[in-house]
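In: How does the following fold in three dimensions:
(one chain, ligands or ions: 1)
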Amino acid sequence: MENRQNRFIKPDTEKKIDTLLAKMTVKEKIGQLHQLGTSPVGGFEISKNEMKKLLDAGRLTKEDYDNWMSNEQWDENEGLVRAGEIGSFLGRDKDPNFYNHLQRVAVEESRLGIPLIFGNDVIHGHRTVFPIPLAESCSFDDETFEKTAEIAAKEAASEGIHWTFAPMLDISRDARWGRIAESAGEDTYLASRYAAAKVRGFQGEDFSDKDRIVACAKHFVAYGAAEGGRDYNSVDMSMQKLWNTYLPPFKAACEAGAGTFMSAFNDLNGIPCSANTYLLRTVLREKFGFKGFVVSDAFSVGECVAHGVAEDRKQAAELCLNAGVNMDMVVGCYRDHVEELLNEGKISEDTLNEAVREILRIKFAKGLFDNPYTDVESAADILICDEHRKEALKAAEKSIVLLKNEDILPLRKNAKIAVVGELADDAEEMLGCWVLGGLPEETVTLIDALKLRGIDFVYEKCCGVKTDFNREAFERAIENADIIIATVGEYRDMSGEAASYCDIDLHGEQKKLIDALYNCGKPFVTLLFNGRPLAIRDVAEKTPALVECWHLGTEAGNAICNVLFGDYNPSGRLTATFPNYSGECPLYYNHLNTGRPTSEVRHSSKYQDAPIKPLYPFGYGLSYTDYAYSNLSAEIIGDNISVSVDVENAGKVSGTETVQFYIQDVVAKTARPVRELKEYKKVYLEPGEKVTVTVKITIADIGYYDEALEYIVEPGEFKLWVGHDSTTELVTSVFVK
Ligand code: BGC
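Out: Residues are numbered from 1 along each chain as shown. So this is what the prediction gives:
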């Protein structure tokens, strides 16, 4: 496969960069490495819009507001742009006029006219908000991964953003870690396909296109393996695990042409990722062939001091720049210290020039030297337009996972319905963990969607995520109902950054609500809104139907209604294992077997107080129909394993099945996972329809990195399972010579 990084190296561009570098002063060079927030307070968390909201909400005095908003800070920042001392902004303000203004200062008023690059977190949509990544990954649908990124890029670009800090590619196997919500889940193969699709979606064929933005593969690397699932925590892992499990999605993003990478907050085996020469130079540049630039995660250069590997910010700058972080996000360590470090010989001129070159290379590739400005007129027509809403609905439908259904769903449209729970009617909470552009007033809740469909229902909140259960309201709500829809889960800020929980059961009194439903004797369906797998064994036992609705974005309510009433047959599959109890984390399907494989036997690898199976395994998800598998066969043809299986829709409604292919290297030099996903394919089947699904798995792709970090495919038996989820028993073998 072509490594699209090579496309960034264009002789004429490199010559232009040589010419610029020859003219640049040291201060101008350092300026290119410095990224600042557009917030008037100089940091990056609070945008001008947010400041206004704080004022309107009475949380800021008018005097303070005026002080913050006074142009002093801005005059200073503009002065720095004019002097060529800022290369990039992390823009929280959705105002392309403001960005254009800053850009004009850079391009028309600075000595060398080098354009700024505006970056932002365009993670799961922009103004049109798509399902959170963990939810979207459950679609197992590369086209969806690509399409939603394409739309997000188009909307963000129309508001002046050139560059997104996405996709997030951290393999996440610990549901306590809040950022699992931003990931594609626990599986390396799926995350690698997701990575390539997202890069294609954001960047298109060529990101100089005005509708495209530069992608950033983050957080490099192994951030998802934070010890105990506690955010920002240390990661200590073998190099084999790093190479086999955590690096492949980043390699895929690199080969797909990601223009930038972000170095992670965590330390890896004691070395912070932003100061990690092995990761940033040996792995990323030498082995992966990366030609773009690396931005540090926010403040992570300065945090080398807290990590205890730098005595002060100056030494932190020295370590990180030498290690290969090109751009220092918002903390200003490079701005303050690189000149001095250069004079002291601690950073070489070559290192500085190279760091600048790689940033300029991406600015040239983005076309910023030719077209620095955003067409402010175009935004209004495309932001949350009908076409984008339609795609948001499709993505949301595909992300929903039906976890349990004892003949409750789909619902009859004329049933008397009661809805309970706070999350049924909270638009803001549907938007998920990363929302910079989405608006609650443009978001459809379950209640909105029921009304839109003219469904007869009563609604009582009865219980919030964190507020008490109100029995009176509950009795009132269910009195005349044939069926009750309960909505429980997490607020959107209970997952994402700095949202680790050691207990991932339902919070507050939500379980009282479920108990009341269980005891009332009426049928009910429980909808979960959350950003992580939840440990809800007892809830799952008590509820006759359980639907995983995640945080689905703009079209959440409509998608949920389509599933509830059978207008869309659920097809989502879990990409992260649901544990029975929080104490089982980290939990994932593709573990090693151990010398005492998990079983009913006492002295086997397990907890004595938990079932040996997870609550819901990887790849799991029900449908309103059943799929039957037969005739599995596999043979080696040339460089590939050709696998065929018959899949039949054995039920009464049409549906989409995700056919999953797993392998195991039965005997190898080092222990290999019990199963690993190696391919998936979606098929749409009418009732009674049967198709033969054939895939080719490249033999070169079933190997692994051994203890010498050599990639090898060992001869011998490989088992091959095919089926509906990671527990399928339909198996065959091939022998690789
Ligand atoms: C997060 C990144 C994000 C950055 C900029 C950091 O706190 O870890 O994922 O891209 O902020 O907003």
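In: The one residue in the chain that gets nearest to the ligand and L383, how far apart?
Out: Minimum separation of the chain from the ligand (CB to the nearest ligand atom) falls at F165, amounting to 3.3 Å. Just so you know, the C-beta spots here come from the backbone N, C-alpha and C atoms, and that holds for glycine as well. Using CB to CB, to the nearest Å, F165 is found at 20 Å from L383.
In: neighbour-wise, which of the two wins?
Out: F165 (23 against 20; other CB atoms under 10 Å).
In: Would you confirm that the more buried one contacts F118?
Out: No - F165 is beyond contact range of F118, at 11.6 Å (criterion: CB atoms under 8 Å).
In: near the ligand, which residues of the stretch 451-600 of the chain show up?
Out: Within the stretch 451-600 of the chain, the positions adjacent to the ligand are E497 by CB under 6 Å from any ligand atom.
In: hey, where'd the helices end up in the stretch 451-600 of the chain?
Out: 471-478, 510-520, 537-542, 556-564 (DSSP state H, counting those that start in this stretch).
In: ranking those helices by burial, who's on top?
Out: Of all the helices of the stretch 451-600 of the chain, helix 556-564 carries the top mean neighbour count, a mean of 26, counting by mean count of other CB atoms under 10 Å.
In: just to revisit the earlier point, can you put the helices of the stretch 451-600 of the chain in CSV and add mean pLDDT and distance to H724?
Out: Below are those laid out as CSV (pLDDT from 0 to 100; distance: least, CB to CB, whole Å):
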stretch, mean pLDDT, distance to H724
helix 471-478, 97, 35
helix 510-520, 98, 27
helix 537-542, 98, 19
helix 556-564, 98, 18
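In: Out of the ones you listed, flag the one nearest W721.
Out: helix 537-542 (24.9 Å; CB to CB).
In: Remind me what that closest one packs against, helices and strands.
Out: For helix 537-542, the helices and strands in contact under the criterion 3 or more CB pairs under 8 Å, 6 or more residues apart in numbering; DSSP states H and E are helix 510-520.
In: contacts for the helix it packs on?
Out: 420-421, 462-463, 465, 469, 471, 474, 478, 484, 486, 488-489, 505-506, 524, 526, 538-539, 542-543 (CB atoms under 8 Å, 6 or more residues apart in numbering).
In: ok, now stretch 689-706?
Out: 239-240, 243-244, 631, 636-637, 639-649, 659, 661, 663, 665, 668-670, 672, 678-679, 681, 683, 685, 711-714, 718, 736.
In: What of stretch 2-15?
Out: 254-257, 259, 288-292, 357, 361-362, 364-365.
In: out of these, which are buried?
Out: Among these, those classed as buried by 16 or more other CB atoms under 10 Å are 254-257, 259, 288, 290-292, 357, 361-362, 364-365.
In: could I get the residues you listed as JSON lines with distance to L446?
Out: Converted to JSON lines, these look like this (distance: CB to CB, whole Å):
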{"residue": "C254", "distance to L446": "40"}
{"residue": "E255", "distance to L446": "41"}
{"residue": "A256", "distance to L446": "36"}
{"residue": "G257", "distance to L446": "39"}
{"residue": "G259", "distance to L446": "39"}
{"residue": "F288", "distance to L446": "44"}
{"residue": "F290", "distance to L446": "44"}
{"residue": "K291", "distance to L446": "47"}
{"residue": "G292", "distance to L446": "42"}
{"residue": "R357", "distance to L446": "52"}
{"residue": "R361", "distance to L446": "47"}
{"residue": "I362", "distance to L446": "42"}
{"residue": "F364", "distance to L446": "48"}
{"residue": "A365", "distance to L446": "44"}
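In: ok, of the contacts of stretch 689-706, which come out buried?
Out: 243-244, 641, 643, 645, 647-649, 659, 661, 663, 665, 668, 672, 678-679, 683, 685, 713-714, 718.
In: my read is V734 is in a strand, agree?
Out: Yes - judged by DSSP: H, G, I helix; E, B strand; the rest coil, V734 forms part of a strand.
In: That one pairs with what?
Out: With DSSP bridges as the criterion, V734 is bridged to F718.
In: Quick check: it touching S633?
Out: No - in this structure V734 lies outside contact range of S633 using CB under 8 Å: 9.9 Å.
In: burial of W177, as a residue count?
Out: Applying other CB under 10 Å, we find 29 residues neighbouring W177.
In: got the contact list for it?
Out: 224, 226, 229-231, 500, 532.
In: go on, K613?
Out: No contacts exist for K613 under CB under 8 Å, 6+ apart.
In: Alongside the ligand, which residues does this protein contribute?
Out: So the chain meets the ligand at 90, 121, 165, 218, 297-298, 497 (CB under 6 Å from any ligand atom).
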